[in-house]
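Participant: Have a look; sequence and predicted model below, questions after that.
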Amino acid sequence: DERAAPLGDRIELRGLRCSVIVGVLAEERERAQPVEIDLDLVRPIEAAAISDDLAETTNYADVLAVDTLQSINQLLISLDIHQLNATSFPLPAIGAVTLGAASTGGSIATGTVYVKCAARSGMNYYRGGSGVASAEASVAVTGPTASVSASVPFVKMANAYDWYVGSATGAEFYYTTTIVNSVTITSV
């Protein structure tokens with residue numbers, strides 16, 4: 001690994017196996033399941049090497065216990081997120097798309113650009129898909145280096161916005177996702 005390692009000696013623990021009760025489904029939480037953990041431990045062990053004192057070395061049982069607890073906590077947090085995301089909180093309707101055309105800044109040819117936008121909530125941000133798309137908006141552009149700025153009103157509880165663009169009405173395709181309620185379209 002070419003990345004700079006923290007100061008200290010590296011101890012690699014591979015294939016640590018334990019049984020834990022984890023899972024999303026009820027039947028998964030009724031029985032222990034095997035978990036395998038790989039751990040890279042960076043510790044200063046020079047003092048132990050010089051003194052040959054076992055008390056100054058690393059206790060693998062302590063390391064395993066801490067790492068196992070941290071791993072289980074992360075898993076439980078992800079399960080909580082999964083459960084929250086399973087609850088559908090519909091987003092408010094998205095407003096009209098506002099478009100502005102520029103003759104520079106992109107590679108759009110002369111014609112008409114059609115745009116729709118859909119807001120994403122936390123639930124569908126990680127699972128794909130977005131809310132109901134806005135009504136289609138269009139703007140005429142003069143190419144061949146045209147670009148289009150697009151925006152929608154802020155949507156409460158939206159984490160991101162999916163933008164759909166096309167060169168014909170009703171033929172929009174996915175263009176990009178932004179975390180703000182605006183985008184500059186440079187190609188169609």
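Facilitator: Good, I have the coordinates.
Participant: How about residues contacting stretch 151-164?
Facilitator: 89, 91-92, 94-98, 115-122, 125, 130-131, 133-134, 150, 172-183, 185 (CB atoms under 8 Å, 6 or more residues apart in numbering). (Each C-beta comes from the backbone N, C-alpha and C, glycine too.)
Participant: PyMOL command for the buried members of the residues you listed?
Facilitator: Under the burial definition 16 or more other CB atoms under 10 Å, those of the contacts of stretch 151-164 that qualify are selected in PyMOL by:
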select buried, resi 91+94+95+97+115+116+117+118+119+120+121+125+130+131+133+134+150+172+175+181+183+185
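Participant: Return the subset of the contacts of stretch 151-164 lying in strands.
Facilitator: 98, 115-120, 150, 173-178, 182-183, 185 (DSSP state E).
Participant: Quick check: phi and psi at residue 141.
Facilitator: phi -130, psi 150 (degrees, to the nearest 10).
Participant: How confident was the prediction at it?
Facilitator: Reported pLDDT at residue 141 in the predicted model: 97.
Participant: Tell me who's in contact with it.
Facilitator: Residue 141 touches 101-103, 108, 110-113, 147-148, counting by CB under 8 Å, 6+ apart.
Participant: Need the buried ones from these selected in ChimeraX.
Facilitator: Listed next is the ChimeraX selection for buried residues among the contacts of residue 141, using 16+ other CB under 10 Å:
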select :101,102,108,113,147,148
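Participant: Residue 47: which of the contacts of residue 141 is nearest?
Facilitator: residue 147 (62.1 Å; CB to CB).
Participant: how about the nearest residue to the closest one, chain neighbours excluded?
Facilitator: residue 106 (3.2 Å; CB to CB, 6 or more residues apart in numbering).
Participant: tell me the pLDDT at the one you found?
Facilitator: Looking at residue 106, its pLDDT reads 93.
Participant: Residue 165 is in contact with that one, correct?
Facilitator: No. Checked against CB atoms under 8 Å, the pair residue 106 and residue 165 is beyond contact range at 11.1 Å.
Participant: any idea how far residue 97 is from the residue nearest to residue 147?
Facilitator: Residue 106 sits 17 Å away from residue 97, going by CB to CB, to the nearest Å.
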